[in-house]
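A.B. asks: mind folding the following:
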Amino acid sequence: MEYSIPRSASTWHICWQAATGRDLVADSRLVGRVRERLLNAHRAEGRQLLHYLMMPTEIHLLSCLPVGQSPPAIVRAIAAVVSRWVRETQPVRGPVFAARYRAHEIRSDSELEREIRMLAWRPVQIGLCVTPVHYTHASLRTTLGLNRAQGFDSRALLGLFGATVPEARKGLRGVVRRRPGEAEWREWELNHGLTLAVGSIGPSFGMAREVKGDAAILVAAADSRDIDGGLKLLERWVAVRLGLDADQDLSSLAGPQGARARALVGGLAVRMDLCPAAAVARHFKRAKATLCEQMTASRLREDDRRLIATPIQLVLDELAALNRF
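C.D. replies: Reported below is the predicted structural model:
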């Protein structure tokens, strides 16, 4: 199978989320028109559509773009036209999409394989089918040889998994075989802006914000799946690193040790972009100015700087090891 993605090209996951009450696949005619639009947007020279997924509430694309092009080139060919078609099908007031599109660059083969696996299982996760190959409004069935191509060229994606079509399809099935767990779904949804991280420490008691990267991993790992839970994980890790009991309440810990511990939690939360210092101050029931002064002092200490720079995976690994004892 002599077909491959140019090394100079960039690969993107582009997605849209429907506004409340909208259905992006409301009828078969709309599905056909939208699918054709997705394919047409990638027929310009150098563009390749690796995978697409259309659901009532989401549209996802894995797009390979040549040098000098970026996601807006694809979006301009799709978003406005699809919005008009959906309004024609559902003539009600209000936007079609909940927000502007989101685009995430895929920088490695392993990351691309993960995106393919998550998108394969996405219809199952939201209750549209019981297994990935049962969902019809996606390119997976075509790529696996279960549907006719109807204009979709699966060679670019198959080329990543094997030298021949049978070998590539076997490799692709191996990638999508394992179903993602709940924590992995939560992290993926947060990183792609499909859900917001919530908490009780906002200016008006509640808060909701978009989190990515380390913050998304931390929130997904928390039992409560929210910002408060992420802060509690950081509290527990900082307490152990400072030689305290893992269940020590840092809010009530007095003296220089308490101030240092709270400053370290604040430094980690801000570095990971979990929440601003003001939210950490509310979490600890302290004045923002006081906590910020303590965080500034903490950053001047070399030991504290090393702790604040600790990779998130090491933090979680150490917490997991602690829970085993």
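
A.B. asks: in which helix or strand would I find Ile59?
C.D. replies: Counting by DSSP states H and E, the element that carries Ile59 is strand 58-65.

A.B. asks: next secondary structure after that strand?
C.D. replies: Sequence-wise, the next helix or strand downstream of strand 58-65 (DSSP H and E) is helix 71-89.

A.B. asks: tell me the helix or strand right after that following helix.
C.D. replies: Next helix or strand after helix 71-89 toward the C-terminus (DSSP H and E): strand 102-106.

A.B. asks: so what touches the helix or strand just after that next one?
C.D. replies: Remark: after strand 102-106, the chain's next helix or strand is helix 109-125, criterion DSSP H and E. With C-beta atoms under 8 Å, 6 or more residues apart in numbering as the test, helix 109-125 has contacts from 11, 13, 50-51, 53, 55, 58, 60, 62, 106, 129-132, 135, 138, 140, 157, 160, 172, 175-176, 178-180, 184-185, 188. Backbone N, C-alpha and C define where each C-beta goes, glycine included.

A.B. asks: in stretch 271-280, what's buried?
C.D. replies: Buried residues in stretch 271-280, counted by 16 or more other C-beta atoms under 10 Å: 272, 274-280.

A.B. asks: pLDDT on it, on average?
C.D. replies: Average pLDDT, stretch 271-280: 96.

A.B. asks: same question, stretch 250-259
C.D. replies: Rounded mean pLDDT across stretch 250-259 is 94.

A.B. asks: now stretch 232-247
C.D. replies: Mean per-residue pLDDT for stretch 232-247: 95.

A.B. asks: again with stretch 12-19
C.D. replies: Averaged across stretch 12-19, the pLDDT comes to 97.

A.B. asks: coming back round to it: quick check: the two most widely separated of the buried residues of stretch 271-280?
C.D. replies: Using C-beta to C-beta, the two most remote members of the buried residues of stretch 271-280 are Met272 and Ala278, lying 15.7 Å apart.

A.B. asks: secondary structure element for Ala279?
C.D. replies: Per DSSP H and E: Ala279 is located in helix 277-284.

A.B. asks: swap that for Pro166, sorry
C.D. replies: In this assignment (DSSP H and E), Pro166 forms part of helix 165-176.

A.B. asks: and stretch 58-68, how far out from the chain middle?
C.D. replies: With C-alpha atoms, centre = their mean, to the nearest Å as the basis, stretch 58-68 stands 16 Å off its chain's centre.

A.B. asks: what comes up buried for it?
C.D. replies: 58-65.

A.B. asks: could you do stretch 171-189 as well?
C.D. replies: Neighbour counts over stretch 171-189 (16+ other C-beta under 10 Å) mark 172, 176, 180, 184-189 as buried.

A.B. asks: and for stretch 158-172?
C.D. replies: Buried residues in stretch 158-172, counted by 16+ other C-beta under 10 Å: 158-161, 165, 168-169, 172.

A.B. asks: same question for stretch 246-257.
C.D. replies: For stretch 246-257, by 16+ other C-beta under 10 Å, it's 248, 250, 253.

A.B. asks: measure that stretch end to end?
C.D. replies: End-to-end span of stretch 246-257 (C-alpha to C-alpha, to the nearest Å): 14 Å.

A.B. asks: swap in stretch 11-31?
C.D. replies: Its start and end residues considered, stretch 11-31 measures 25 Å (C-alpha to C-alpha).

A.B. asks: returning to that earlier point: tell me the one of the buried residues of stretch 58-68 nearest Ala79?
C.D. replies: Once C-beta to C-beta is applied, the member of the buried residues of stretch 58-68 that ends up nearest Ala79 is Ile59, at 9.5 Å.

A.B. asks: list the contacts of that closest one.
C.D. replies: 15-16, 24, 34, 38, 52-53, 82.

A.B. asks: Arg47 too?
C.D. replies: By C-beta under 8 Å, 6+ apart, Arg47 lies in contact with 41, 63-66, 69, 74.

A.B. asks: and with 6 Å instead?
C.D. replies: Residues near Arg47 by C-beta atoms under 6 Å, 6 or more residues apart in numbering: Leu65.

A.B. asks: and it, how far from Cys64?
C.D. replies: Taking C-beta to C-beta, to the nearest Å as the measure, Arg47 falls 7 Å from Cys64.

A.B. asks: please enumerate residues in contact with stretch 228-237?
C.D. replies: 199-200, 218-219, 222-223, 246, 250, 265, 268, 274, 283, 315, 319.

A.B. asks: pull the number of nearby residues for Ala99.
C.D. replies: 11 (other C-beta atoms under 10 Å).

A.B. asks: quick one: distance of the helix holding Ala279 to the chain centre.
C.D. replies: The answer for helix 277-284 is 25 Å, by C-alpha atoms, centre = their mean.

A.B. asks: okay, that helix in CSV with CA atoms only?
C.D. replies: Taking C-alpha atoms only, helix 277-284 is exported to CSV below (Å, rounded to 0.1, in the frame of the first residue of the first chain):
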residue,chain,number,x,y,z
ALA,A,277,-4.3,32.0,43.4
ALA,A,278,-7.5,33.7,44.6
ALA,A,279,-9.3,30.3,44.3
VAL,A,280,-6.6,28.6,46.3
ALA,A,281,-6.9,31.3,49.0
ARG,A,282,-10.6,30.7,49.2
HIS,A,283,-10.0,27.0,49.5
PHE,A,284,-7.7,27.5,52.5
